[in-house]
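In: A predicted structure for the sequence below; I have some questions about it.
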Amino acid sequence: MTGPLKIGVVGCGSIGIRGALDHLTLPDVQDRVQVTAVCDPAPGRAEAAARKYGVPQAFEDYDRMLEQADMDAVTICTPIGLHYEQGLKAIRAGKHVHFNKTMTVTTAEADHLIDEARSRGIHLVASPGQMLRPHNRRIREMISDGVLGKISWAVTGAAFGAYHENEGVRQGDDPLHNIDPSWYWRTPGGGPLYDMTVYGLHALTGILGPAKRVTAFSGVSIRERVYRGKTYPCDAHDNTLMCLDFGDALFAFVYGTFAGSVAPFGMPSFFGQKGTIVGLELNGQPFDYPGREEARAASQGDQVLLPHVKGPHREMGEAHVFEDVMQLVDLVREGIPTPATPEHARHVIEIIEAAYRSA
C-alpha cells in the first residue's frame with residue numbers, strides 16, 4: 001500500500017497509552033502510520049485520549065468503531081480475555097490486527113483467528129516479538145553452533161509482585177490515570193503466565209524450538225487483593241510451576257508466580273556440558289552481540305536495539321510494544337515478514353493451556 005497505515009487503538013488503558021498512543025502519535029512515524037481512532041468503554045476515557053493525542057475519532061462502543069472509523073488496522077490493547085472476540089470482529093471487518101500479549105486464552109481461539117485471517121487475506125502480528133532482540137538471536141546461534149555442548153536444561157519465568165498496582169497511569173482520578181488493574185487477577189486471561197511469563201516462553205521457544213510435553217502444578221494463592229481501598233476477589237492462577245520437555249532429554253523449568261524469580265525477566269538461562277548462559281553472560285562473562293555496548297548504556301536497555309526504536313522512542317517506556325505494532329505496519333505496507341507471528345504466539349498459548357490442564 002502507499003501512504004501511511006491508518007490504525008485504531010482498542011483500549012486506552014496502560015498499554016494503549018504507554019505502548020501505542022505515546023509512540024504512534026509522534027511526528028517521526030506519521031509517514032508510515034497514523035492513529036485515526038481510539039476506543040474504550042470507560043466513560044470519558046476514549047474522548048480524553050483523543051484530545052490528548054490529537055486523534056480524530058473516539059468511541060466507547062467497539063462495534064461502532066469497526067463500522068465507522070477510518071482505519072485499516074487495529075492494535076488490541078485490552079484485557080487478554082477480550083482479545084479473541086475483538087480480534088475476530090476486526091478480522092471479519094477486514095482490519096489487520098496487532099495483538100498485545102497474550103493473543104488469546106486458548107489454542108482453539110488462536111487457531112480460529114489464524115484460519116479466519118488467512119481465508120480473508122488479513123495480516124496478524126502477535127506480541128511479544130522476543131526474537132527481534134539481537135541477544136536472543138545470538139543465543140540461538142551459540143546453542144546451534146555447540147558453544148554450550150549438549151544442553152541439559154533451561155529456566156525462565158516471572159513473578160507478579162505489585163507491578164500493575166504501582167503503574168503511574170493508575171494513581172490519579174482523571175480517566176487516563178484511574179485505570180483499574182483488577183482484570184490481571186481474574187479469569188479468563190489473568191495471572192502471571194499470560195501476562196509476564198509469556199515473554200520468557202516466547203524467547204525460550206524461539207531459541208530451542210517448540211516444546212513437546214508439559215507438566216505442571218498450579219493454583220490460586222492470593223485470593224483477595226486491595227487496590228485503592230477496594231478489595232477484589234482473585235480467581236486467576238497466580239502460582240504455577242511447570243516442566244517442559246523439548247525432546248532428547250532436554251527440559252526447561254518455567255514459572256509464573258506471585259513472588260520470587262530465579263532468572264532475569266524474559267531472558268531464559270541455559271545449562272550445558274560446556275558452559276552456561278545466564279542473562280547476557282556466557283560462563284560468567286558478557287557475550288558479544290550486535291549493539292551490546294549501546295544497550296548497556298541505554299536507560300531502556302536492549303529495547304533500543306529493536307529495528308524501529310529510534311530517536312525519542314529510545315527514552316520511552318514500552319518501546320517493545322511500539323516495535324511490534326511497527327512490525328504489522330511494515331508487513332501490511334511493504335510485505336516485510338516478521339518473527340512476531342501468530343503461529344508462535346499460538347504455541348506459547350498451547351504451552352500455558354497444557355500447564356493448566358496438567359495441574
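Out: Okay, I see it. Residues are numbered from 1 along each chain as shown.

In: can you pull out the helices in the stretch 51-200 of the chain?
Out: In the stretch 51-200 of the chain, the helices defined using DSSP state H, counting those that start in this stretch lie at 62-68, 83-92, 107-120, 134-144, 192, 198-208.

In: out of those, nearest to residue 273?
Out: Proximity to residue 273 (Cβ to Cβ) singles out helix 134-144 among the helices of the stretch 51-200 of the chain, at 11.9 Å. Every C-beta, even on glycine, is put in place using the N, C-alpha and C of the backbone.

In: which strands and helices sit next to the closest one?
Out: Here helix 134-144 touches helix 198-208, strand 269-272, strand 276-278, going by 3 or more Cβ pairs under 8 Å, 6 or more residues apart in numbering; DSSP states H and E.

In: what angle separates the first one from helix 134-144?
Out: Okay, so that is helix 198-208. 40 degrees (axes from the mean of the first three to the mean of the last three Cα atoms, to 10 degrees).

In: Spell out which residues make up each domain of the protein.
Out: What automatic domain parsing lists as the domains of the chain is 5-129+327-334, 130-306+340-358.

In: winner for burial among those?
Out: domain 5-129+327-334 (a mean of 21; mean count of other Cβ atoms under 10 Å).

In: Show me how far the helix or strand that residue 6 is a member of is from its chain's centre.
Out: If you go by DSSP states H and E, residue 6 is part of strand 5-10. Put simply, strand 5-10 sits 18 Å off its chain's centre (Cα atoms, centre = their mean, to the nearest Å).

In: Might you report the residue contacts of residue 143?
Out: Going by Cβ atoms under 8 Å, 6 or more residues apart in numbering, residue 143 touches 151, 207, 208, 270, 272, 277.

In: Please report how far it lies from residue 96.
Out: 34 Å (Cβ to Cβ, to the nearest Å).

In: Repeat that for residue 253.
Out: 37 Å.

In: repeat for residue 25
Out: Residue 25 is 19 Å from residue 96, by Cβ to Cβ.

In: Repeat that for residue 326.
Out: Residue 326 is 13 Å from residue 96, by Cβ to Cβ.

In: go on, residue 119?
Out: Between residue 119 and residue 96 the computed distance is 14 Å (Cβ to Cβ).

In: cool, residue 11 as well?
Out: From residue 11 to residue 96 the distance is 17 Å (Cβ to Cβ).

In: can you check residue 244 too?
Out: From residue 244 to residue 96 the distance is 32 Å (Cβ to Cβ).

In: returning to that earlier point: pLDDT for the contacts of residue 143 - can I get that in a markdown table?
Out: Shown next, in a markdown table, are the contacts of residue 143 (pLDDT from 0 to 100):
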| residue | pLDDT |
| --- | --- |
| 151 | 98 |
| 207 | 98 |
| 208 | 98 |
| 270 | 98 |
| 272 | 98 |
| 277 | 98 |
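
In: For residue 170, state which of these is nearest.
Out: Within the contacts of residue 143, the smallest distance to residue 170 is 33.7 Å, found for residue 207 (Cβ to Cβ).

In: was I right about that closest one contacting residue 140?
Out: Yes. Judged on Cβ atoms under 8 Å, residue 207 makes contact with residue 140 at a distance of 4.6 Å.

In: If we ignore the residues flanking it in sequence, what's nearest residue 245?
Out: Nearest non-adjacent residue to residue 245, counting by Cβ to Cβ, 6 or more residues apart in numbering: residue 213, 3.9 Å away.

In: correction: residue 224
Out: Closest to residue 224 by Cβ to Cβ, 6+ apart is residue 231, at 5.5 Å.

In: ok so, going back, check which helices and strands the strand holding residue 6 is in contact with.
Out: strand 33-39, helix 62-68, strand 73-76, helix 319-334.

In: can you tell me how far residue 65 sits from residue 206?
Out: With Cβ to Cβ as the criterion, residue 65 and residue 206 are 33 Å apart.

In: tell me the angle of the top strand by length along the chain relative to helix 134-144?
Out: Longest strand in the chain by number of residues, with DSSP state E as the criterion: strand 151-159. Here the directions of strand 151-159 and helix 134-144 differ by 160 degrees (the same axes, to 10 degrees).
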